[in-house]
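*Asks:* sequence and predicted model, in that order:
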Amino acid sequence: MDEHSINASVMLHGFPDLGLGGGNRPTVALTLAPGRLTGRRIYVALLERFGAILAPALGPAREAGCKLKNVHLFANDKAINDADEVLDAHIDAEGRIRVLLILVKAIASG
């Protein structure tokens, strides 16, 4: 594995079942190429990996400037209000970051 890659541990809360185990809070390991990390980049990586099952929740993230009001993003326990905010400060010296995505619409509807 490239020592310069970014290793994101992404916990998904309230998303559709991705067959990963972990109940309604599965954790996905993403290895991303070096570069500016944003929430939008994480959303797009998840869409590329899981496709249509996440498209209803994250699909609009492909459009620059689109705001996802139904998804809350946390990086290392800090709320991130803008999907385009740079998250590099939350990456540790070994290239790791913990991310929590909460799909609000699914939680509110049951």
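*Replies:* Thanks, I have the structure now.
*Asks:* you'd agree N7 is up against P34?
*Replies:* No - with contact defined as Cβ atoms under 8 Å, N7 does not reach P34; the gap is 11.3 Å. In short, each C-beta sits where N, CA and C put it, glycine included.
*Asks:* out of these two, which sits in the more crowded spot?
*Replies:* Applying other Cβ atoms under 10 Å to N7 and P34 shows that N7 carries more neighbours, namely 16 against 11.
*Asks:* excluding chain neighbours, what is closest to T38?
*Replies:* Leaving aside its chain neighbours, T38 sits nearest to D84 (5.3 Å; criterion: Cβ to Cβ, 6 or more residues apart in numbering).
*Asks:* now I53
*Replies:* In space, I53 is closest to P16, 5.2 Å off (Cβ to Cβ, 6+ apart).
*Asks:* quick check: buried residues in the biggest helix by length in the chain?
*Replies:* Scanning the chain for the longest helix, with DSSP state H as the assignment, gives helix 39-50. Under the neighbour-count criterion of 16 or more other Cβ atoms under 10 Å, helix 39-50 has G39, R40, R41, I42, Y43, V44, A45, L46, L47, F50 buried.
*Asks:* what does stretch 79-90 give?
*Replies:* The neighbour-count check on stretch 79-90 (16+ other Cβ under 10 Å) flags I80, A83, E85, L87, H90 as buried.
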